[in-house]
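Colleague: fold the following, please.
(2 chains, ligands or ions: 2)
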Amino acid sequence: MDRRFVYMDYNATTPLHPEVKARMIEDLEVYANASSLHESGRAAHARVEEARASVARLIHARDPSSIIFTSGGSESNNTVFATMFHLGRKGPRRGIVTTAIEHPCVLNAAKWLEEEGFPVRFLGVDSKGRIDLEELRSSVGPETLLVSVMAANNEIGTIQEVAAASGIAKAAGAFFHTDATQCAGKIPVDVEAWNPDYLTLSCHKIYGPKGIGALYVRKGAPVVPLIRGGHQEHGHRAGTYNNLGILGFGAAADLALRELPEYSGRVRRLRERLRDGLTRKLPYAHVNGHETEVLPNTLNVSFPGAEGESILLYLDLEGIQVSTGSACASGSLEPSHVLLATGLGPELAHGSIRMSLGRDSTEADVEYVVEKLPPIIERLRRMSTVA
Amino acid sequence: MEAFAWLYSDIVKDHFMNPRNVYDPDEKFEADADGIVGNVKCGDQMQFFLQVDEKDVIRDVRWKTYGCASAIASTSMLSEIVKGLPILEAYQLKPEDVSKRLGGLPDNKIHCSVLGDKALRAAIDSWLAKTGREGAFKDVGATVVCTCLNITDRDIEQAVKDGARSWEDLQERTKIGTVCGGCKGRAEDLLVEYVHVFGHDE
Ligand SMILES: Cc1ncc(COP(=O)(O)O)c(C=O)c1O
Ligand code: FES
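Modeller: Ligands and ions are numbered 1, 2, ... in the order given. Below you'll find the predicted structure:
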């Protein structure tokens, strides 16, 4: 088989969609400060507002002004936790309930609140990566300020019962936030159905540029700005509008919405092929995450006896790009907190590989990986002290 | 493959792609002694097999690992270095000796390469025990860490093998750092490393 270049790390980031790229090249000309009152300022402002409407449409938000542009998912999530810090210092509610499998930008923001004296509860997950709604129900009360449950996990792809979690939070009078960074463009994201107070999006996961994201804020929900300054974003986030990023986000959101049905069906079939091909050749492979409630593009597999960073780099030599939950690759001594939270033993967590498919993935890519990966695993297991 | 250029040297890449002296179950390598360190829980484990002649010279070696690219490459290099070496010399090899021969390792990968020499020493220790000289190299190649109290890296290693896990444990056992305190930084780094390598068998 000829050497191929196979990018299977779309959950880490995506390339620019050619159409987004084309539109952005044109939009490089939109230089005016969108806060300026003169003609070019007003023109830029109109374009920014169009993009805001596109992002709102992507998540079925009726009111475009519910969208705040930020620098990305990390900032959106931090804005929510910083807001809770200010509310909790003044009000009677201080309790934070989140999950053990959140992205580090939520986990570390929650840990910061814990250090500041807020009671923080990290809900565990079952072996498939789902929280227990009964446990959530018994964890919230009149003291709970915020419940934050990610909609889908970036490492294993497991999708939570977001609407139900939201309902439980609301019934207790708490705010509900969900990090939907990995959902947009892959599964329908609907703020009408999920009813969150806050929802996080990031543009570079949906074939748009990096450094731009959004926070959906339900009308009436408080926001304390992380970045203070001018009146941009209704005073919720200061800084001259990032025209190019915002317009790129608008273009990417239009496409994500339009292509969703076709896209998700196609990557789901590729994922199944990849999963079946690998588990047929390597029967001891352990597929992580939920069988059905999983992002259509995400396949996380553990191989006993083979260490993840070695697998990743042998694959890299074959032109295949994936990521791993092994500690070595992250430079820490702990393997993936997500896999450990699902109860996976450290050995299997160190030996995990995440393959995330995307727009440009093909059947030939899948065949290539099914051909190249098994001998790598077999070779590592042969030289292993374990298997 | 330029993908490797930023991460590892050409020599590392070569040893990763074509590791030397790997233990092959079909080969039926007859070892005179072997040693194993590390733990799969921590993501790396290393085993060394030695053939030693009557003059205490290492004739041949094999190794196995559960580990990352740096662990594979550095152990492969170490296995080349020790062939033909008297055990006394082999015992004194340090991770730096290996990483230098590899053309350097990225900073955050150094901790992945510290298992090889320790597995080798464990194998040599087992050879010494087998030949009635248990513990004979106890102080060989030791470096003084605490100059006030003349405490070496080997003393810290032994304390960890005996159960020390925290700085307080270590001080209780060795009194290290109780005079001028100047050794604390280095000693704590070694403590973390040795706990990683030896500290998981309870
Ligand atoms: C679930 C999740 N949340 C947040 C982020 C952070 O987004 P950004 O890179 O835009 O800061 C990511 C991306 O890595 C993610 O996967
Ligand atoms: S060097 Fe260790 S106490 Fe002085």
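Colleague: nearest spatial neighbour of B:Thr178, skipping sequence neighbours?
Modeller: B:Gln171 (6.5 Å; C-beta to C-beta, 6 or more residues apart in numbering or on different chains). All C-beta atoms are positioned from the backbone trio N, CA, C, and that covers glycine.
Colleague: that neighbour sits in which helix or strand?
Modeller: helix B:167-174 (DSSP states H and E).
Colleague: now do the strands in chain B.
Modeller: B:33-39, B:44-52, B:58-66, B:144-146, B:151-152 (DSSP state E).
Colleague: how about chain A?
Modeller: A:6-7, A:67-70, A:95-99, A:120-123, A:144-148, A:175-179, A:198-202, A:213-217, A:286-288, A:298-302, A:320-321, A:323-324, A:352-356.
Colleague: can I get those in JSON lines with mean pLDDT and mean neighbour count?
Modeller: Output for the strands of chain A, formatted as JSON lines (pLDDT from 0 to 100; neighbours: other C-beta atoms under 10 Å in any protein chain shown):
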{"stretch": "strand A:6-7", "mean pLDDT": "98", "mean neighbour count": "21"}
{"stretch": "strand A:67-70", "mean pLDDT": "98", "mean neighbour count": "26"}
{"stretch": "strand A:95-99", "mean pLDDT": "98", "mean neighbour count": "25"}
{"stretch": "strand A:120-123", "mean pLDDT": "98", "mean neighbour count": "18"}
{"stretch": "strand A:144-148", "mean pLDDT": "98", "mean neighbour count": "25"}
{"stretch": "strand A:175-179", "mean pLDDT": "98", "mean neighbour count": "27"}
{"stretch": "strand A:198-202", "mean pLDDT": "98", "mean neighbour count": "30"}
{"stretch": "strand A:213-217", "mean pLDDT": "98", "mean neighbour count": "28"}
{"stretch": "strand A:286-288", "mean pLDDT": "98", "mean neighbour count": "20"}
{"stretch": "strand A:298-302", "mean pLDDT": "98", "mean neighbour count": "26"}
{"stretch": "strand A:320-321", "mean pLDDT": "96", "mean neighbour count": "20"}
{"stretch": "strand A:323-324", "mean pLDDT": "94", "mean neighbour count": "25"}
{"stretch": "strand A:352-356", "mean pLDDT": "97", "mean neighbour count": "27"}
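Colleague: any chance of CSV for these, columns distance to ligand 2?
Modeller: Listed next are the strands of chain A as CSV, based on distance: least, C-beta to the nearest ligand atom, whole Å:
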stretch, distance to ligand 2
strand A:6-7, 52
strand A:67-70, 50
strand A:95-99, 44
strand A:120-123, 40
strand A:144-148, 47
strand A:175-179, 48
strand A:198-202, 49
strand A:213-217, 50
strand A:286-288, 47
strand A:298-302, 44
strand A:320-321, 47
strand A:323-324, 40
strand A:352-356, 42
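Colleague: for chain B, which of those is the nearest?
Modeller: strand A:320-321 (8.5 Å; C-beta to the nearest C-beta).
Colleague: can you list the strands that that closest one pairs with?
Modeller: According to DSSP bridges, strand A:320-321 forms sheet pairs with strand A:6-7 (parallel).
Colleague: coming back round to it: can you report how many residues neighbour the residue nearest to B:Thr178?
Modeller: B:Gln171 has 16 neighbours, counted by other C-beta atoms under 10 Å in any protein chain shown.
Colleague: ditto for A:Arg275
Modeller: Neighbours of A:Arg275 (other C-beta under 10 Å): 18.
Colleague: on that earlier part again, CA atoms only for the helix holding B:Gln171, dumped as CSV, please.
Modeller: Backbone C-alpha positions of helix B:167-174 (Å, rounded to 0.1, in the frame of the first residue of the first chain) are rendered in CSV as follows:
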residue,chain,number,x,y,z
TRP,B,167,10.5,14.2,51.7
GLU,B,168,9.6,13.7,55.4
ASP,B,169,10.0,9.9,55.0
LEU,B,170,13.4,10.4,53.4
GLN,B,171,14.6,12.8,56.1
GLU,B,172,13.5,10.5,58.8
ARG,B,173,15.5,7.6,57.2
THR,B,174,18.6,9.5,56.1
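Colleague: contacts for it, please.
Modeller: B:146, B:149, B:151, B:155-156, B:159-160, B:162-164, B:176-178, B:184, B:187-188, B:191 (C-beta atoms under 8 Å, 6 or more residues apart in numbering or on different chains).
Colleague: so does it get close to ligand 2?
Modeller: No - Helix B:167-174 does not reach ligand 2 (C-beta under 6 Å from any ligand atom); its nearest approach is 9.8 Å.
Colleague: mind listing what's buried along that helix?
Modeller: B:Asp169, B:Leu170, B:Gln171, B:Arg173, B:Thr174 (16 or more other C-beta atoms under 10 Å in any protein chain shown).
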